[in-house]
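K.L.:
Predicted coordinates and the sequence they were generated for:
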Amino acid sequence: MNGASGRRGDAVRDERDLVRTLRAAAVQVEGQDLADGVAHRRRARRTRRRVRVMLAAAAVVAVVAGTAAVVSRMDGRRAEPVTPSQGVRSVTEVWPRAIVKVPAKNALGLTTEPVTSLSATEVLLAAISASGKSTVRLEAYDSTTKTTRVLGDVPAPRKEYHLAKIAVSAQYIAWFGGTWNGGKWSDFWIMPRAGGTARRVGEVAANVDAIGIVGDSLVWSPAEGGVYRMPITGGTPARMPRADGLHLTSWPWAARKVGDKRKMNENRLVNLETGQAVDVPLPRDVSFMRCHPQWCAGVQGSRVIVQRVDGSQRRTLPPELLPWRPDSLIGDRYALFVLRGGTDTVVLYDLSTGTMGRLGRWAKGPGRSSSPSDTPFWGTGTTPYNTMSGGGGQEFTVVNLAAR
């Protein structure tokens, strides 16, 4: 038996085992109903209905190792193969208020990439150069007026310069950049949130990996850890107390990372404003555990595992959900996962409720936002490249979680 056939056989066996288990539970419920008498029949009927729903769900989602499994219908006959995406509703149905259609090209004909939300009605856009290597302008799209306004240009102080990460506050938009040819060097810029001329704040001899805005100061982390602060007027960076070995995640929170660099976990969160610290209990053999202030998500074996930061409400998600990338967290309580066997299908998962919605093919969580962005998006193309360029000059579908 070849590998693919073996996996399909395993999928069918796994699904049959699940169905047999659920059916055995149904039999036990019916036996208990007879034993308990008429007084408990109504409760048992409700339980049997729940079991039947579970059986039906098992028949729909029984897909393992990326192949569609042949499942059993409730009448015992073989059903048609199904793919996981058939069992997950579109995100446009699950969170319709959050859906925004954004033009993929600006007035200059440049591709614009969603970065994060500015509000429940505005999405921050980065206009990309014709070469695709650098951000040249920041814009804002208003879903109410369906218009785009220019916020300001992004200067390039060095050859092969590129904007790396962006942070947004109530007053400012800030970013740091570097050069494609490497070297330990990063610089910081700021512009009014309402738009205007960008101003250079300063530079450091370090590879920066995160940035935030705190009042009239910038905060950031270098790749080797620690958190630094500098006024937006410039000056000498100051290392923040209680931040040794921490990496800024989303101000005021920073995380300590431990373990193998290829599958590093976050095991401690620190609030740099209050000094509050939370140690994250790590499940055995977990990898890529990443945390919001409330939720964490990681990988255990081939399964996604989620929990509260304190280790409570830990659960293993269905086998159909795979990690989207090592850092799957997005927004304040959401994560992006890949649907096994869904042909590049990405789902947006609410960690608090378990609700999920299917995004378009090749969906992307914006990478230019320093904090976990709340605007995943996708285009209409048939390959990753032309999808991320809007599918040939068309539009992006954006999920603005600030409007959910």
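P.N.:
That came through, no problem. Residues are numbered from 1 along each chain as shown.
K.L.:
what about Ala277, neighbour count?
P.N.:
For Ala277, the tally of surrounding residues (other CB atoms under 10 Å) stands at 12. Glycine gets a C-beta too; all of them are placed from N, C-alpha and C.
K.L.:
Look up the closest residue to it, ignoring the ones flanking it.
P.N.:
If the residues on either side of it in the chain are set aside, Ala277 comes closest to Val270, at 4.8 Å by CB to CB, 6 or more residues apart in numbering.
K.L.:
isn't the one you found right up against Asp244?
P.N.:
No. Val270 is not in contact with Asp244 according to CB atoms under 8 Å; the separation is 10.2 Å.
K.L.:
who's more crowded, those two?
P.N.:
The residue with more neighbours, out of Val270 and Asp244, is Val270; 21 against 11, by other CB under 10 Å.
K.L.:
measure the more buried one to Gly298 for me?
P.N.:
19 Å (CB to CB, to the nearest Å).
K.L.:
What of Arg158?
P.N.:
Taking CB to CB, one finds Arg158 at 38 Å from Gly298.
K.L.:
now do Ala363
P.N.:
To Gly298, Ala363 is 21 Å away according to CB to CB.
K.L.:
Check Leu329 too.
P.N.:
10 Å.
K.L.:
tell me, what's touching the two both at once?
P.N.:
Residues touching both Leu329 and Gly298 by CB atoms under 8 Å, 6 or more residues apart in numbering: Arg290.
K.L.:
Identify the residues contacting the residue nearest to Ala277.
P.N.:
Taking CB under 8 Å, 6+ apart as the criterion, Val270 is in contact with 242-243, 246, 253-256, 276-278.
K.L.:
change it to 10 Å
P.N.:
Residues in contact with Val270, defined by CB atoms under 10 Å, 6 or more residues apart in numbering, are 227, 242-243, 245-246, 249, 252-256, 276-278.
K.L.:
And for Lys257?
P.N.:
Per CB under 10 Å, 6+ apart, neighbours of Lys257: 225, 245-247, 264-268, 289-290.
K.L.:
could you redo the last one with a cut-off of 7 Å?
P.N.:
The contact partners of Lys257, by CB atoms under 7 Å, 6 or more residues apart in numbering, come to 247, 264-266.
K.L.:
Identify the bridge partners of Gln307.
P.N.:
For Gln307, the beta-bridge partners under DSSP bridges are Cys296.
K.L.:
so it makes contact with Gln300?
P.N.:
No. If you go by CB atoms under 7 Å, Gln307 and Gln300 don't touch, sitting 10.6 Å apart.
K.L.:
Surely Arg333 and Tyr349 touch.
P.N.:
No. Counting by CB under 7 Å, Tyr349 is not a contact partner of Arg333; they are 9.7 Å apart.
K.L.:
one step back: settle it for me: which of Arg158 and Gly298 has more neighbours?
P.N.:
With neighbours defined as other CB under 10 Å, Arg158 and Gly298 compare such that Gly298 has more, 25 against 15.
K.L.:
So what's the gap between stretch 302-311 and the chain middle?
P.N.:
On the basis of CA atoms, centre = their mean, to the nearest Å, stretch 302-311 sits 15 Å off its chain's mean C-alpha point.
K.L.:
gap between the two ends of that stretch?
P.N.:
Using CA to CA, to the nearest Å, one end of stretch 302-311 lies 20 Å from the other.
K.L.:
Other residues contacting that stretch?
P.N.:
So stretch 302-311 is contacted by 269, 278, 280-281, 283, 286, 291, 293-298, 313-317, 319, 321-323, 337, 351 (CB under 7 Å, 6+ apart).
K.L.:
Now with 8 Å, please.
P.N.:
With CB under 8 Å, 6+ apart as the test, stretch 302-311 has contacts from 269, 278, 280-281, 283, 286, 291-299, 313-317, 319, 321-323, 328, 335, 337, 351.
K.L.:
cool, stretch 286-293 as well?
P.N.:
Stretch 286-293 is contacted by residues 249-250, 253, 255, 259-260, 263-267, 269, 271, 280, 282, 296-300, 305, 309, 323, 326-329, 332-333, 372 when judged by CB under 8 Å, 6+ apart.
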